[in-house]
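Engineer: Following is a predicted model, sequence given first.
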Amino acid sequence: MDYLLKPVEPERLATAVARLGISDTEVDDACGPYHADDEVWIKTSRRSFFLPVAKIAAIHAAGNYSHVICVEGQEHLVRRSLRDWETALPADCFVDLDRSLLINWHHVDRWIIRGRKIDL
């Protein structure tokens, strides 16, 4: 549709995007909702990469940021609120335990309730 050269001028970029016929809402929707077999774009202060949704064990809120905890134990701080994650991630995989924690129930082995273990 267009060819932009660096440095990109904001007006020229806006014109190119307008030619595509894509609304701001459609651009936001491209960031979700995800399915269990999708990959999400993770951008930290050090690097950016794709992470399979199935590899996310939990997401813990940190204000406008969140800690994405992987099943292998890595933790990534990203600038995305927990509410954004909640609306984007598949509801059949992720459970909102409280206002600050989402877990992927596919990675839960057991619940401990009042000292009693319940194996799943």
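Structural biologist: In hand now; what should we look at?
Engineer: Please identify which helix or strand holds the residue nearest the centre of the chain.
Structural biologist: Geometric centre of the chain, nearest residue: W85, 5.0 Å, by CA atoms, centre = their mean. Taking DSSP states H and E as the criterion, W85 maps to helix 82-88.
Engineer: Who are the packing partners of that helix?
Structural biologist: Contact analysis of helix 82-88 by 3 or more CB pairs under 8 Å, 6 or more residues apart in numbering; DSSP states H and E lists strand 56-62, strand 94-98, strand 101-104 as its packing neighbours. Every C-beta, even on glycine, is put in place using the N, C-alpha and C of the backbone.
Engineer: Mind checking the pLDDT average for the top helix by length along the chain?
Structural biologist: Ranked by number of residues, the top helix in the chain under DSSP state H is helix 10-20. Mean per-residue pLDDT for helix 10-20: 81.
Engineer: And that helix, how far out from the chain middle?
Structural biologist: Distance of helix 10-20 from the chain centroid (CA atoms, centre = their mean, to the nearest Å) equals 27 Å.
Engineer: which parts of it are buried?
Structural biologist: Neighbour counts over helix 10-20 (16 or more other CB atoms under 10 Å) mark no residue as buried.
Engineer: CA atoms only for it, dumped as CSV, please.
Structural biologist: Taking Å, rounded to 0.1, in the frame of the first residue of the first chain, the C-alpha atoms of helix 10-20 are listed here in CSV:
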residue,chain,number,x,y,z
PRO,A,10,3.9,11.0,11.6
GLU,A,11,1.7,12.6,8.9
ARG,A,12,3.0,10.2,6.3
LEU,A,13,2.5,7.2,8.6
ALA,A,14,-1.1,8.3,9.3
THR,A,15,-1.8,8.6,5.6
ALA,A,16,-0.4,5.1,5.0
VAL,A,17,-2.5,3.6,7.8
ALA,A,18,-5.6,5.4,6.5
ARG,A,19,-5.1,3.8,3.1
LEU,A,20,-5.3,0.4,4.7
